[in-house]
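1. need a structure here:
(one chain, ligands or ions: 1)
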Amino acid sequence: MEELGLSVDALDKELRALLQKDINFDSGTILGSMCTRPHNLAIDIFTRYIEKNIGDPGLVSSTVELEKEVIAMLSSLLSLKNGFGYVVTGGTEANILALWTARKIAKSSSSIKEVIVPDSAHFSFDKAGDLLGLRIKRIPLTSTLQVDLEKVKKAITPRTIALVGVAGTTSLGIVDPIKELSDIALVHNLYLHIDAAFGGYVLPFFKDLGFPSPQFSFRLKGISSVTIDPHKMGMAVIPSGCILYRTEDLARKVSPTVSYLSGGENAHATIVGTRSGASVLAVWSLLKHLGKAGYRTIIRRCMEITFALAEEIKSIEDVELVIDPVINVLGITSRVFSIIDIAHKLREKDWAIALFPNHIRIVIMPHVYPEHIAHFIDDLKKVLDELREQKK
Ligand code: 0PR
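-> Coordinates of the predicted model:
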C-alpha cells in the first residue's frame, strides 16, 4: 500500500485498465457460465441497501421479515407452505448446510457416516464431505445420465445418513428420478436433499410452458431440503443462494444462539456470520417485480434458444449432442475429433465455454441472444474445418 492514496479519477482509470482482461456478459461470448448479468432492478436495489448486515438480525428486523417472504415465495414455487430457510452465499453454502443438518439429526451411531450422491453431483458435495467428515459415495449414472436407483439402494448401509438428488446437473442439466429417491428416503428413513441450485428457477415454470416437467418439489414427502440459487437463473446479484427446509425444526438444527449482538440475542443458522441484507432485498424485489409470468418469459426465451441450438448441432457433421437437453444446458461432443481440441480452438476464438471430460457445456442464460449463437455456430464450423484440414 502506498503512503498517499490515488484520486478517485486516477483510481478509476487504473482500475479500468487493470480489469481489461475480464470478460463481461454483454460481450456475447460467455456461453459456459451458470451466472448472468443481474437484472437492472437487482443491481439498483443491491447498491441502495449495500450496508445492511443480516448477520445481526436485530439491527435489520424489517429485512429479516422480507427474508422470510423470500423463503415463503420460493417454498411455494416448490409446493411447500410454511417453508423455512435462508438466503445464503450460493449453492455451495446451501449444500454444506444441508449435509450439516443431516449429520446433526443422523441416527447412525457409526463413526463413519456416509452420504449417497449421484456421480453427477456438484463438487460442493465433496467440499461438504471433507469439511463435515462425511464419506461421499458417488453412484454411477444410467444411460439417461440419471442416478442409477438400483445402485443407490445397494449402497445404503447402517452408515448412510443422507441421499442427494440433483434437479438440473452442473454438466448437462439432467434431473434425477427425484420421486423414486423420495420413496427410497422414506422407506429407509433417510434425509433427502435436492440440489436444484440451477434447475430450481427453471423447472417450476415448465408445466405452464408445455415442456416435460419432471417432479422434484416438496410435494414429494421424502424431501427434507432443497438448494435453489437466485444468483443463477434467478438473475440476482452474487452472492445469492438459498436453502429451503421442509420444517422449522430442521432449519434450527444448525443454529447456535449468539447472545451479544448489537441488535440483541439471535440464532445464527448460516455458515457465514456477516451476511448481505442487500442480496436478500434484491432477491425479494425480483420475485415481486417479475412474478411467475416474468420468470416464465425469461425461461421460455432461454429454452427456445436451447432447442434451436440443439437442432443446429444435430445438423453439423462430426459433432453431436451428449443427450437431448432437458433444461437450458446443452452438451456437445464429437466421435471424430478430441473435444479438448475443439474447445481449445473455440477458446482461441474468444468463446468462454465450459469443458467437461467428454463434452463442451453451453448454458443458455438470459444474456445469450440468437445472434451470439449464430456467430458461435459459424465459429464451430470453422474450427471443425480447421481440424479436418489438420487431419489430412
Ligand atoms: N449445485 C449445482 C447443481 C451447481 O451447478 C453449482 C454451481 C453449485 C451447486 C454451487 O453453487 P455456487 O457456485 O453458487 O456455490 N454451478 C456452476 C458451475 O460449477 C457455478 C459457476 C457459475 C461456475 C458460473 C462458473 C461460472 O462462470 O458451473
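
2. I figured A94 hits K232, correct?
-> No - using CB atoms under 8 Å, A94 is not in contact with K232, being 11.6 Å away. Bear in mind the C-beta positions are built from the backbone N, C-alpha and C, glycine included.

3. Who has more neighbours out of the two?
-> A94 (29 against 26; other CB atoms under 10 Å).

4. gap between the more buried one and the ligand?
-> Distance of A94 to the ligand, computed by CB to the nearest ligand atom, to the nearest Å: 7 Å.

5. dump the residue contacts of that residue.
-> 88, 197, 227-229, 241-243 (CB atoms under 8 Å, 6 or more residues apart in numbering).

6. pLDDT added to those, as a markdown table?
-> Converted to a markdown table, the contacts of A94 look like this (pLDDT from 0 to 100):
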| residue | pLDDT |
| --- | --- |
| V88 | 97 |
| A197 | 98 |
| T227 | 98 |
| I228 | 98 |
| D229 | 98 |
| G241 | 98 |
| C242 | 98 |
| I243 | 98 |
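
7. and which of these is nearest the ligand?
-> Within the contacts of A94, proximity to the ligand (CB to the nearest ligand atom) peaks at A197, which comes in at 3.5 Å.

8. Residues of the stretch 151-300 of the chain that sit close to the ligand?
-> By CB under 6 Å from any ligand atom, the residues of the stretch 151-300 of the chain that approach the ligand are 166, 170, 195, 197-198, 229, 241.

9. Give me the subset of the contacts of A94 lying in strands.
-> 88, 227, 241-243 (DSSP state E).

10. Among those residues, which pair sits farthest apart?
-> Using CB to CB, the two most remote members of these are V88 and T227, lying 8.9 Å apart.

11. Common neighbours of those two, please.
-> What both V88 and T227 touch, as defined by CB under 8 Å, 6+ apart, is the set 94, 241-243.

12. Neighbour-wise, give me the winner out of those residues.
-> C242 (32 neighbours).

13. residue ranges of the helices in the stretch 1-150 of the chain, please?
-> 8-18, 40-48, 61-77, 91-105, 124-132, 149-155 (DSSP state H, counting those that start in this stretch).

14. In TSV: the ones you listed, plus mean pLDDT.
-> TSV is the format used below for the helices of the stretch 1-150 of the chain (pLDDT from 0 to 100):
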stretch	mean pLDDT
helix 8-18	97
helix 40-48	98
helix 61-77	97
helix 91-105	97
helix 124-132	98
helix 149-155	98
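
15. which ones are touching the residue in the stretch 251-392 of the chain that the ligand sits nearest to?
-> The nearest approach of the stretch 251-392 of the chain to the ligand comes at A354, 6.2 Å away (CB to the nearest ligand atom). Shown in contact with A354 (CB under 8 Å, 6+ apart): 32-33, 360-363.

16. If we use 6 Å, what do you get?
-> By CB atoms under 6 Å, 6 or more residues apart in numbering, the contact set of A354 is 32, 361.

17. So for it, what's the pLDDT?
-> A354 is assigned 98 on the pLDDT scale.

18. where does the closest residue to K52 other than its chain neighbours land on pLDDT?
-> Among residues not flanking K52 along the chain, G277 sits closest, at 2.8 Å (CB to CB, 6 or more residues apart in numbering). G277 carries a pLDDT value of 98.

19. what's the residue of the stretch 251-392 of the chain closest to the ligand sitting at in phi/psi?
-> Main-chain dihedrals, A354, degrees, to the nearest 10: phi -90, psi 140.

20. Who does it form a beta bridge with?
-> Beta-bridge pairing for A354 (DSSP bridges): R361.

21. now it: how far from G91?
-> 16 Å (CB to CB, to the nearest Å).

22. and if you look at T247?
-> For T247, the distance to G91 - CB to CB - is 22 Å.

23. go on, D183?
-> In terms of CB to CB, D183 sits 25 Å off from G91.

24. Which one's more surrounded, the two?
-> Remark: of D183 and G91, G91 carries more neighbours, 25 against 16, as counted by other CB under 10 Å.

25. Could you report the neighbour count for the residue nearest to the more buried one when sequence neighbours are not counted?
-> Leaving out its chain neighbours, the residue that sits closest to G91 by CB to CB, 6+ apart is A197, at 3.4 Å. Per other CB under 10 Å, the neighbour tally for A197 reads 29.

26. Touching, A197 and H231? I think so.
-> No - taking CB atoms under 6 Å as the definition, A197 is not a contact partner of H231, at 9.3 Å.
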